[in-house]
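Trainee: Fold the following for me, if possible:
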Amino acid sequence: MGSAVADGRPPREVKGLIRDRLAVSESKARAFAQTDITDSLRQARWAEDDAATEQFGLDLRELHTSALLPTTRPTHAARHGKVYTTQEMRDWYAKDGNRMNCHCSSTTCLIDSDGKPILTDGLKKKMAREVKDWKPAMPV
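Mentor: Numbering: from 1, shown residues only. As a prediction, this is how the structure comes out:
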């Protein structure tokens, strides 16, 4: 699995490797690949942000972006467009199975002197509209 992450292989490709090598079902292999590949990339991004914060004194945070699929969990959709520290992200993903089969991502953003993320108004509006328009597979 580690070499697949290092090689930049996508979860779809890794799914086949997991299925064949571990002799698990297609759905289990897909869930493992989605969880582990995505989480490894998240962890690497956060480590880079923490290093930049320490080395350059930058105030960086993570803009949470939910995939907003029909299967997206409401707790994941609720974070869409909100900004968190890397530690807050780690803590959230570590509980309640949040990292399992998750399609969310985050984007590093700079924080201004007032403690607000530097984001365009267009992006803020777009993300608010996306989460408002999101339709879960099953009514909440």
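
Trainee: In the protein, mark out all the helices, start to finish.
Mentor: Along the chain, counting by DSSP state H, helices occupy 2-6, 11-22, 26-56, 74-77, 86-93, 121-133.

Trainee: Columns distance to residue 100 and mean pLDDT on top of those, output as TSV?
Mentor: The way it works is simple: take the backbone N, C-alpha and C, and place the C-beta from them, glycine included. Shown next, in TSV, are these (distance: least, Cβ to Cβ, whole Å; pLDDT from 0 to 100):
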stretch	distance to residue 100	mean pLDDT
helix 2-6	17	67
helix 11-22	13	80
helix 26-56	5	88
helix 74-77	11	96
helix 86-93	9	97
helix 121-133	21	96
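
Trainee: Ok, which of the ones you listed comes nearest residue 62?
Mentor: Nearest of the helices of the chain to residue 62, taken as Cβ to Cβ: helix 86-93 at 5.2 Å.

Trainee: Specify the angle between the closest one and helix 26-56 in degrees.
Mentor: For helix 86-93 against helix 26-56, the angle between stretch directions is 160 degrees (axes from the mean of the first three to the mean of the last three Cα atoms, to 10 degrees).

Trainee: which stretch among the helices of the chain comes nearest residue 65?
Mentor: helix 121-133 (7.5 Å).

Trainee: Tell me which residue lies nearest the centroid of the protein.
Mentor: The C-alpha lying nearest the average C-alpha coordinate of the chain belongs to residue 105 (Cα atoms, centre = their mean; 2.6 Å).

Trainee: How much space separates it from residue 115?
Mentor: With distances taken as Cβ to Cβ, to the nearest Å, residue 105 is found 23 Å from residue 115.

Trainee: Show me how this protein divides into domains.
Mentor: 1-43, 59-140 (automatic domain parsing).

Trainee: closest one to residue 51 among the ones you listed?
Mentor: Between those, domain 59-140 lies closest to residue 51; by Cβ to Cβ that is 10.1 Å.
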